[in-house]
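Peer 1: Okay, here's the prediction I keep looking at, along with the sequence it came from:
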Amino acid sequence: MRVLITGICGFAGSHLARGLLQAREGLRISGVDNLSRPGSETNLGPLRSLGCEITVADLRDPSVMAGFPGADWLIDAAAEPSVLAGVSGGSSVVDLLQNNLFSTVPMLEFCRRHSAVFTLLSTSRVYGIKPLSGIPLTVNNGAFTPEPDSGFSGGVQETFPSTPPVSLYGASKRCAETLALEFGEAFEFPVWLNRCGVLAGAGQFGKADQGIFSFWIHRWAAKLPLKYIGFGGRGFQVRDCLHPLDLVPLLLQQYEAGASPEKPRVLNVSGGAASATSLSQLSAWCAQRLGSHTVAADPLERPYDLPWVVLDSGLAKAVWQWHPRRNAESIFEEIAAHALENPRWLDLCTH
């Protein structure tokens, strides 16, 4: 089986490549990456040593995908991952759309030409900001938690509204989802859309607006400044977390199912309520594991910030018997060990 992974040198793409090679014999993995994400270049040599054929090129150039030989399966792990993309952080709206939407078209054309399976790693941020903000919350054990009678104790399901605004980032991913489903329907190739919670693990190129768990633990270990932003500056905001290697068994099942009509094409995949952790709770874990540290408070909220986003992966469990194998604490421990072994890691990610 021939697999093509876009964004193969990123955190998710590199883990999926390694995980797939471990899980299945006889795979031929190729990939493309423009190495624009600081730190991604560190994955180039190790992946090539595993036999991955990697082309350094920019997917915003349509000729790149047109030049690739055929494949049986394309996994799209290439994206601008920041929810603040297009509004701050140096990236323009055009950059965001080129990375997350326009470059999807050549990938879908590739799948059409070669009758390849298409898998998109999407995001929890396709769900509407106003409906998410309207979930009634209480504070429990230093974390925002849905009120018991709210119906969200297990998280947000796939039927939750994706009504704008969802952020420019979320809109780019939601549009890519719609486009992929339409291509698959029109040209009869299988399309799978997996909406991921916060991906986390050792080696992540963490920043505050994307890899928050990695960012927080690395900065805590290095005793660099940290602060709770928004929501009263108390650190009660909550996200779930998922290790990218836990996606591998699900992705393989989806590939093998092909165009099976009874399988849902859109899934939430996350650590769910069991992994849901607030920054305050994460700080308590860091203090116990890495020693004391002071966290400042800034009550001013940023664009698109939300107090609580947790995905319910019940559909994935019901249909595919899928559930994450790694719990939040084991993921945090993996990151902490990496942080202690690589005290200058964040310098690499921000050069």
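Peer 2: Sure, I can see it.
Peer 1: Around Ser91, how many other residues sit close by?
Peer 2: Look at Ser91: counted by other CB atoms under 10 Å, it has 17 neighbours. C-betas here are computed from N, CA, C, even on glycine.
Peer 1: How about the one 4 residues further on?
Peer 2: Asp95 sits with 15 neighbouring residues when counted by other CB under 10 Å.
Peer 1: Wait, a strand at it?
Peer 2: No: counting by DSSP: H, G, I helix; E, B strand; the rest coil, Asp95 is not part of a strand but helix.
Peer 1: contacting residues for the closest residue to it other than its chain neighbours?
Peer 2: Sequence neighbours aside, Glu80 is the residue nearest to Asp95 in space, at 6.9 Å (criterion: CB to CB, 6 or more residues apart in numbering). By CB atoms under 8 Å, 6 or more residues apart in numbering, the contact list for Glu80 reads 91, 95-96, 99-100, 169, 172.
Peer 1: Check the gap between Glu80 and Ser270 for me.
Peer 2: Distance, Glu80 to Ser270, by CB to CB, to the nearest Å: 20 Å.
Peer 1: and whichever helix in the chain runs longest, how far from the chain's centre?
Peer 2: Determined from DSSP state H, the single longest helix within the chain is helix 168-187. Its chain's C-alpha centre lies 17 Å from the corresponding centre of helix 168-187 when counted by CA atoms, centre = their mean, to the nearest Å.
Peer 1: What residues sit buried inside the very next helix or strand once past it?
Peer 2: Remark: after helix 168-187, the chain's next helix or strand is strand 191-196, criterion DSSP states H and E. By neighbour count on 16 or more other CB atoms under 10 Å, the buried set for strand 191-196 is 191-196.
Peer 1: Would you mind giving these as TSV with distance to Phe152 and pLDDT added?
Peer 2: Formatted as TSV, those follow (distance: CB to CB, whole Å; pLDDT from 0 to 100):
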residue	distance to Phe152	pLDDT
Val191	28	98
Trp192	25	98
Leu193	22	98
Asn194	21	98
Arg195	16	98
Cys196	19	97
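Peer 1: Just give me the closest of those residues to Cys349.
Peer 2: Cys196 (19.7 Å; CB to CB).
Peer 1: from memory that closest one sits against Gly272, does it?
Peer 2: No: counting by CB atoms under 8 Å, Cys196 stays clear of Gly272, with 11.8 Å between them.
Peer 1: distance of the residue nearest the centre of the chain from Ile335?
Peer 2: Geometric centre of the chain, nearest residue: Leu199, 4.7 Å, by CA atoms, centre = their mean. Applying CB to CB, the value for Leu199 to Ile335 is 12 Å.
Peer 1: try Gln281
Peer 2: Taking CB to CB, one finds Gln281 at 15 Å from Ile335.
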